[in-house]
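> Okay, here's the prediction I keep looking at, along with the sequence it came from:
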Amino acid sequence: DVFFGREECYTWLLADLESGRRLFLLYGLPYVGKTSFLNQLKTFFRDRFRVRYVELDDSKDQRAVPLWTLLTSLAEALGQEGPDRETFEAQGASYAAGYVRELAGKDILNDYLVCFDQAVASRMVPGSDWERDLLALQSALERVDSLAVILAVEGLPSEANNAALDDISQMVIGPLGEDEVSTALMFPVRGALAYDLDVIYQVYRMSGGNPYFVQLFGDVIFRRRQEAGWVGKSEADDVLPEVLDKAAPYFETLWRGCGPAEKLTLAAMTEMWGYHGVASPEDVVRYVRKLGVRVPPQDISAALATLK
């Protein structure tokens, strides 16, 4: 994959690894580039770690005992014998600590970074199995040098809202900057397609820097303009309906992840299209009250903060 930017994520991960951290949480909304970042680590750490990948199965892995899933997946990723279920159920975290040390000591010539994808922030709330087992894994990994684990977590820390996890090294991967959007659009088509600089800004503004939308804009624009070899100022507006149509599954995913206040806010702002300026929480409250819906202003403020 062609990959750009995310220097802050590399810097975070490298600095904390060098300081002795061994468990990492990489938060981010769907399609923001978490998996793409993980896929680059094999190249980035080629002289430091052997990188392995595990995709958690949402229908099974995350509804089982998380620590058991993590231990068995670690063993499989490293090509080692799996943990003993009976001993694990009897001893729990203490067995996990010894088992992690055993895994780390199997290959004395290499260090490993195991990347888990598709963890879910909303399952890491206070008192959850994920909270308990992440803390147990953190404790186990603190005792080894040759094994580290990073989990890509769908969602934001606010969805877990769990201060107990604050001591685990974590980063939120956010949108691309304007320069990164420019590179992502122009580098792959260099020599074949030239962009008016106004188009770059329009794509950045319309996409909000979301890599998924930037990719959609780039794909649609390239297919429409490759024969002409030039992208004019109006092109971003011209392709927007097709981009939105292609992004329907993304919007459906976001909608399913919204709570009642977020859904109400989105629905109201859609109906308010054409209002002057950017809608404030007070604007949304006033609008829904006209429709007979009463909602505390602080709930709308919180919803807007989450949606942002």
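Yep, that arrived.
> now the strands for the stretch 101-250 of the chain?
All strands of the stretch 101-250 of the chain, identified by DSSP state E, counting those that start in this stretch, fall at 112-120, 147-154, 169-172, 194-195, 230-231.
> Go through these and pick out the most buried.
Burial of the strands of the stretch 101-250 of the chain is given as mean neighbour count (mean count of other Cβ atoms under 10 Å); strand 147-154 ranks first at a mean of 24. Every residue, glycine included, has its C-beta placed from N, CA and C.
> In CSV, list the strands of the stretch 101-250 of the chain along with distance to Asp179.
Converted to CSV, the strands of the stretch 101-250 of the chain look like this (distance: least, Cβ to Cβ, whole Å):
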stretch, distance to Asp179
strand 112-120, 27
strand 147-154, 24
strand 169-172, 20
strand 194-195, 14
strand 230-231, 18
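> now for the ones you listed, which one comes closest to Ala268?
strand 147-154 (25.9 Å; Cβ to Cβ).
> Can you tell me the strand partners of that closest one and which way each runs?
Partners of strand 147-154 in the sheet, by DSSP bridges, are strand 23-28 (parallel), strand 112-120 (parallel).
> Just send those strands back as CSV, with mean pLDDT and distance to Ser94 too.
Supplementary listing: these in CSV, determined by pLDDT from 0 to 100; distance: least, Cβ to Cβ, whole Å:
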stretch, mean pLDDT, distance to Ser94
strand 23-28, 97, 18
strand 112-120, 96, 21
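> of the ones you listed, which approaches Leu70 most closely?
Nearest of the strands paired with strand 147-154 (Cβ to Cβ): strand 112-120, 7.3 Å.
> so how far does stretch 185-205 reach from one end to the other?
End-to-end distance of stretch 185-205 (Cα to Cα, to the nearest Å): 14 Å.
> Identify all contacting residues around it.
2, 4, 176, 178, 181-182, 214, 217-218, 221-222, 225-226, 229-233, 235-237 (Cβ atoms under 8 Å, 6 or more residues apart in numbering).
> quick one: average pLDDT of it?
The pLDDT scores in stretch 185-205 average 94.
> picking up where we left off before, quick one, which of the strands of the stretch 101-250 of the chain is nearest to Ala96?
Short answer: strand 147-154, nearest of those by Cβ to Cβ, at 12.3 Å.
> before we move on, back to that, what's the closest of the strands of the stretch 101-250 of the chain to Gly208?
Nearest of those (Cβ to Cβ): strand 169-172, 14.8 Å.
> what about the closest one, distance to the chain center?
On the basis of Cα atoms, centre = their mean, to the nearest Å, strand 169-172 sits 10 Å off its chain's mean C-alpha point.
> Same question for stretch 95-110.
28 Å.
> what's the answer for stretch 103-112, then?
With Cα atoms, centre = their mean as the basis, the mean position of stretch 103-112 lies at 28 Å from the chain mean.
> before we move on, what about stretch 19-29?
The answer for stretch 19-29 is 12 Å, by Cα atoms, centre = their mean.
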